[in-house]
Every structure is written in C-alpha cells, then in structure tokens.
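how does the following fold in three dimensions:
(one chain, ligands or ions: 2)
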Amino acid sequence: MLENLHLRFFRNYESLDWQPGNGFTVLSGPNGAGKSNLLEGIFYLGAGYPYRQAQDEALVHWGADFFVIRGSVLQNGLRYDLEIAYQLETKHKITRINGKRGLPGACTACLPVVIFSPADLLLIQGAPGLRRRFLDLVVTQSRPQHAADLHDYSGILTQRNNLLRHGVFQRAEMQSWDEQLVAVGARVISRRLSVFKTLMDLSRVVFASLSRNGELDGVYISQTIPPGSTEENEDFYRRAFKDALERRRSLDERLHMTTTGPHRDDLRFFLRGHEAQFYCSQGEQRLIALSLKMAQNRLLSSVQSSDALLLLDDVFSELDTVHREKVFQELSRSRQVIATTTSFLEEGDAATGQLTPEIALFQAKGSEWL
Ligand SMILES: Nc1ncnc2c1ncn2[C@@H]1O[C@H](COP(=O)(O)OP(=O)(O)OP(=O)(O)O)[C@@H](O)[C@H]1O
Ligand SMILES: [Mg+2]
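Ligands and ions are numbered 1, 2, ... in the order given. The predicted model follows:
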C-alpha cells in the first residue's frame, strides 16, 4: 500500500506531498489539472518507466534539471522508502530502496502497480517495444530476478553492438559477448514465455466474461526460437539463441548491430483467428487491452500475498455502462485503487456510492490535491 508520495520537479509538479486513502481514492479535476501526471509518478516509482509514450526527459518539470519521486510503501507488514531520481544532463537514473542503491525496476516487488488508461490501446496498436516493456513488467512483478537479467542483457547487448559498430575485432572477443548474451537471453526468453502463457490463460477467461464476440489468443513472436516453443527448458533456448546468432552473424556484421534476441521479440493478439492490430474494431482492441490488464492484476494477486496498487486513469469515460460495471465489480475488491476523473464528484454523490461505500475524494486546487 502506498502511504505517501513526494514529487519534486516531476511534470507539472514543482513540489508535492500527498497521502492517498487506504481504499478507493478519486482525483477529480478539469483537463490539464495534473491527474494523469500524478498517476504517472506513482506508476514510474513501481515500474521504472512512464506508462505513456514519453521519454524520461519529458518528465522533468520545464526549466528544472532533475526530478525525484519518493514513496513510502507498506507491503506484507514491512515499510519501504522508495526513491527514483533522474538527472537531465547526464541522463542518469538512480533507484534507492531504504536508502540503498538498487537496479532500475528494483521497486516492482515493493510497489506492484497495474495501470488502466487510454494509453493501453498502444498494447495492441503501438510499437513492439511497448509490448515487450509491458510483458517484462509483468514478469518482473512475479519473478523479481528478471530485473537483474534485463539490466545485464542490455549492458552485454550494448557492448556487442559497440564491437559490431567498430567493424574490426577478434573472433574470440565476439564469442565471449555471444556466450554471455546467450546465457542471460535464454533466461529472459524462458521466463517471458512462461509468464505470457499464464497471462494469456487468464486474459482469455476475462475476455470471455466481457465479450461474447469470439476467442482471444496471443502468441510470442521471436526470430530467436522456433515458432510455437512453449514448454522447452532454458537449455533449449540457449542452444536456439546460439544458433540464431550464428545464422545472423554476417547480417549483424553488415548492419553493425545485433539483429536477433529477446530485444527484438514481440507479442501478437488474435480474435477469431485474425490479428487484432489489423482486423479488430477500436472497441474490441480496447477490450483486449483491458483483459490483459485485468489478467495482470489476477496474476499478481495469485503470486503476491497482497494486492497490487491499481491506477485507473480516466476509465470512467472510456467504457460503456455495462463494461464499466463489470470492471468495477472486479477492481473494487482490490485493497488500494487510485482513480482519476474529469467529472466533478462530491462526498455522498450517487456516482461515488456505486463504486464503493468508502471513498476518499480529492479535488484539484492549483497544483495541490485537497
Ligand atoms: N515536463 C513538464 N513540465 C511542466 N508541465 C508539464 C510537463 N509535462 C506536462 N506538463 C503539463 O501538465 C499538465 C497536466 O497534464 P495531465 O496529463 O496530468 O493532465 P490531466 O489532469 O490528466 O488532464 P486530462 O483530464 O486532460 O487528462 C498539462 O497542462 C501539461 O502541459
Ligand atoms: Mg489525463
């Protein structure tokens, strides 16, 4: 549970100290009040990246040269002080848990977050990197050692690419990077496949409860492993990745970059056997994205002893009444939910009563929430 939040030079906030409620909190304010930015700050602390398409630079308050997000979290009876600080000039990001340096993504286990927002549509329509990032978040939330492997993988990949860019190198030097890349990469692929399978099983069930319009399916797409690989062990992925690197060696040398590996993989979703990105209506795409997020929440509540923090950005306006009720039925069981709306809500409003009997309401007052 998030007990308090401090934002310094983050987006429109110069300095904010805020305590959300224990249960269902609603932030209501006009367009541009800073609702999404506040959720973005919380999500960033739990996930290590912004949920909209923005780069870290865009999160720094205009005119400032750094931002800091701090949060105090109570999880399984223990209190954690989390901090992420970002320097614009050096592009350095520092993550701290209880004052000690941690890897990027280290906070995922202390503050598991699930966000529902209009940007979820990008999971279907957006670039492959957004889907990989989402899957890696779900994997890290359920298996924290994934964060260290992702960090190592990206470091080794940079070194290998540097060598390729250089053009001249010893075979043995390249082989050493290949071996390291393959060892870590196989762990990344194997964890992703196993979590993606569970996620899709759950998404199918959720989708069927939201829509009677066909069956949902999802596939992990990779040039590195044979199509349809699911049950094989890490050793199998290691061999497959090693073979793929060898097959692509001359292409990699010509293009001066590593053209195969988990950093190039993708996810595809299908409804009634047709690829969602190209054949589904906007509403169907939204329901698929929603099912994925609800599945993420179900998966987290099965692996974590306490629930994830749910962030609902503007979903009141995005859904029709039938779906809205179904979604709220499921989500209002969660321990802590923070939602935003542009509607003006007041204590005792019928609209708030429908959500949950206990609700903490905050209204925008300048860049404060009272
Ligand atoms: N780096 C930044 N520095 C300062 N202000 C910023 C920065 N990035 C965005 N803003 C401003 O923050 C304001 C609030 O944006 P936000 O997306 O949080 O609004 P919102 O309350 O969610 O509005 P809506 O109801 O339209 O979704 C916007 O006016 C935006 O221009
Ligand atoms: Mg918004």
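
tally of neighbours for residue 169?
14 (other CB atoms under 10 Å). Just so you know, the C-beta spots here come from the backbone N, C-alpha and C atoms, and that holds for glycine as well.

now do the SS call for it.
Following DSSP: H, G, I helix; E, B strand; the rest coil, we place residue 169 in the coil state.

endpoint to endpoint, stretch 202-218 covers what distance?
11 Å (CA to CA, to the nearest Å).

oh sorry, the question was meant for stretch 253-263
End to end - CA to CA - stretch 253-263 spans 18 Å.

same question, stretch 24-33
End to end - CA to CA - stretch 24-33 spans 20 Å.

check whether it comes near ligand 1.
Yes - residues of stretch 24-33 contacting ligand 1 under CB under 6 Å from any ligand atom: 29, 31-33.

give me the buried subset of those residues.
Buried by 16 or more other CB atoms under 10 Å: 29, 33, out of the residues of stretch 24-33 next to ligand 1.

so can I have a markdown table of the residues of stretch 24-33 next to ligand 1 showing secondary structure and pLDDT?
Converted to a markdown table, those look like this (DSSP: H, G, I helix; E, B strand; the rest coil; pLDDT from 0 to 100):
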| residue | secondary structure | pLDDT |
| --- | --- | --- |
| 29 | coil | 89 |
| 31 | coil | 92 |
| 32 | coil | 93 |
| 33 | coil | 93 |
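
mind putting the residues of stretch 24-33 next to ligand 1 into TSV with distance to residue 363?
Formatted as TSV, those follow (distance: CB to CB, whole Å):
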residue	distance to residue 363
29	6
31	14
32	14
33	9
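
quick one: which of the residues of stretch 24-33 next to ligand 1 is nearest to residue 218?
Nearest to residue 218, judged by CB to CB, of the residues of stretch 24-33 next to ligand 1 is residue 31 at 34.2 Å.

correct me if wrong: that closest one contacts residue 343.
No - contact between residue 31 and residue 343 fails when scored by CB atoms under 8 Å: they sit 11.8 Å apart.

which bits of the protein sit near ligand 1?
11-12, 29, 31-37, 58, 60-62, 314, 342.

show me the shaky parts of this structure.
Low-confidence regions of the chain, defined by pLDDT under 70, span residues 231, 304-306, 316, 318, 344-358.

again, only this time at 50
Scanning the chain for pLDDT under 50 picks out the ranges 350, 353.

quick one: the helices in it, in order.
35-47, 122-125, 128-142, 145-166, 171-210, 234-247, 249-255, 276-279, 282-303, 315-318, 321-331, 350-355 (DSSP state H).

residues contacting the residue in the stretch 201-350 of the chain that ligand 1 sits nearest to?
Going by CB to the nearest ligand atom, ligand 1 is nearest to residue 342 of the stretch 201-350 of the chain, at 4.8 Å. By CB atoms under 8 Å, 6 or more residues apart in numbering, the residues touching residue 342 are 28-31, 35, 314, 317.

thought residue 50 was touching residue 60?
No - the pair residue 50 / residue 60 is not scored as a contact, 11.6 Å apart, by CB under 8 Å.

ok, residue 240 touching residue 227?
No - in this structure, residue 240 is not within contact of residue 227 by CB under 8 Å, at 11.2 Å.

the two - which one has more neighbours?
Neighbours were tallied for residue 240 and for residue 227 using other CB under 10 Å; the higher tally belongs to residue 240 (20 against 9).

quick one: contacts for that one?
Residue 240 sits in contact with 224-226, 229, where contact means CB under 8 Å, 6+ apart.

go again with 7 Å.
224-226 (CB atoms under 7 Å, 6 or more residues apart in numbering).

please report the distance of it from residue 246.
To residue 246, residue 240 is 11 Å away according to CB to CB, to the nearest Å.

wait, residue 195 sits on residue 139?
Yes - counting by CB atoms under 7 Å, residue 139 is a contact partner of residue 195 at 4.6 Å.

tell me the two of the residues of the chain next to ligand 1 that are most distant?
60 and 342 (25.7 Å).
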